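S.K.: pasted the sequence and its predicted model underneath.
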Amino acid sequence: MNPSKVHGYRHLVKRRKECQLCNELENPSRIADGRYDSDHIGPWTIWEDDLDASAMVVGQDWGDVKYFIEHKGLDEPRNPTNRVLTRLLTSIDISSYPPYHENERSGLFFTNAILCLKKGGLQGKVKNEWFRHCGNNFLRPIIELVHPSVVISLGQKAYEAIQRVFDNYLIPFRKAVAGSEGFPLIENIRLFPVYHCGARILNTHRPFDQQLTDWQRIGIYLKTVNA
């Protein structure tokens, strides 16, 4: 692995641990005296952390303080959303094992548009300023550092956060998902927005078979750039 990437990543993690920009969010480094924090940019990255990844998945935010403490800073491997995400990745020939399986150099990197943790439940509201602070200080830098071929945004909020931080024109989310070729971010990186794969969205907005179709365009593009 490129030593400069490792050094840059460690610097970003250090900055994240020190960040106090959002008063209404809790930094994992200060929850329970930091005992459940990690040396990653955020909790989700513990699952997939390949700095040479060809695909980066960006979610909205990881969860709330209560969930973080109850699960000791780790995601739930049996979480239905995680299982669906794994199936979608597998459908485009990207292997992702359950969280915390030993899987070095998977070709994947997971992160969130908001890295610190909210209060009030997993479905609690998020604020635009949180996306702005994290976007400028961490989201754009981590995308530029990893420099994957594709960035996959899970859900509308993650899509909007990425487009704004790269100063791109915001096409409405539904139309953006239908775009067959994605959107350029910076040199050799394309953004592919998809619907979130949680149960609520699967049951009300985008069923699994339609999400499979959405993901196929990502697979086609990756095969093209990797040929």
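M.R.: Looks like it arrived, so ask away.

S.K.: what is the mean pLDDT for stretch 195-214?
M.R.: Mean per-residue pLDDT for stretch 195-214: 95.

S.K.: endpoints of it, how far apart?
M.R.: End-to-end distance of stretch 195-214: 9 Å, with CA to CA, to the nearest Å as the criterion.

S.K.: mind listing what's buried in that stretch?
M.R.: 195-198, 201-202, 206, 211, 214 (16 or more other CB atoms under 10 Å). Backbone N, C-alpha and C define where each C-beta goes, glycine included.

S.K.: what about the strands in the chain?
M.R.: 55-61, 108-114, 150-154, 183-184, 190-194 (DSSP state E).

S.K.: which residue is nearest the middle of the protein?
M.R.: residue 58 (2.0 Å; CA atoms, centre = their mean).

S.K.: could you check the pLDDT of that one?
M.R.: 98.

S.K.: so it sits against residue 108, correct?
M.R.: No. The pair residue 58 / residue 108 is not scored as a contact, 11.7 Å apart, by CB atoms under 8 Å.

S.K.: look up how far residue 216 lies from residue 148.
M.R.: Separation of residue 148 from residue 216 (CB to CB, to the nearest Å) stands at 18 Å.

S.K.: my bad, residue 23
M.R.: Distance from residue 23 to residue 216, by CB to CB: 42 Å.

S.K.: residue 148 and residue 216: which is more packed in?
M.R.: Neighbour totals were compared for residue 148 and residue 216, and residue 148 leads with 23 against 13 (other CB atoms under 10 Å).

S.K.: specify the beta-bridge partners of the closest residue in space to the more buried one that isn't next to it in sequence.
M.R.: Among residues not flanking residue 148 along the chain, residue 56 sits closest, at 4.3 Å (CB to CB, 6 or more residues apart in numbering). Listed beta-bridge partners, residue 56: residue 109, residue 151 (assigned using DSSP bridges).

S.K.: and residue 56, what does it touch?
M.R.: If a contact means CB atoms under 8 Å, 6 or more residues apart in numbering, then residue 56 has 108-111, 143, 146, 148, 150-152 as its contacts.

S.K.: hmm, residue 151 is touching residue 144, no?
M.R.: No. Counting by CB under 8 Å, residue 151 stays clear of residue 144, with 10.8 Å between them.

S.K.: give me the more crowded residue out of these two.
M.R.: Per other CB under 10 Å, whichever of residue 151 and residue 144 has more neighbours is residue 151, with 28 against 13.

S.K.: where does the chain have low pLDDT?
M.R.: 97-105 (pLDDT under 70).

S.K.: would you map the helices across it?
M.R.: In the chain, helices defined by DSSP state H lie at 3-18, 65-70, 80-91, 128-134, 140-146, 156-165, 173-178, 199-204, 208-226, listed in chain order.

S.K.: hmm, who's touching the fourth one?
M.R.: Contacts of helix 128-134 from elsewhere in the structure, counted by CB under 8 Å, 6+ apart, are 19, 21-22, 24-25, 61, 112-116, 157, 160-161, 164.

S.K.: at 7 Å instead, please
M.R.: 21-22, 25, 113-115, 161 (CB atoms under 7 Å, 6 or more residues apart in numbering).

S.K.: select only the buried ones of those residues in PyMOL?
M.R.: Of the contacts of helix 128-134, the buried ones can be selected in PyMOL as follows, counting by 16+ other CB under 10 Å:
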select buried, resi 22+25+113+114+115+161
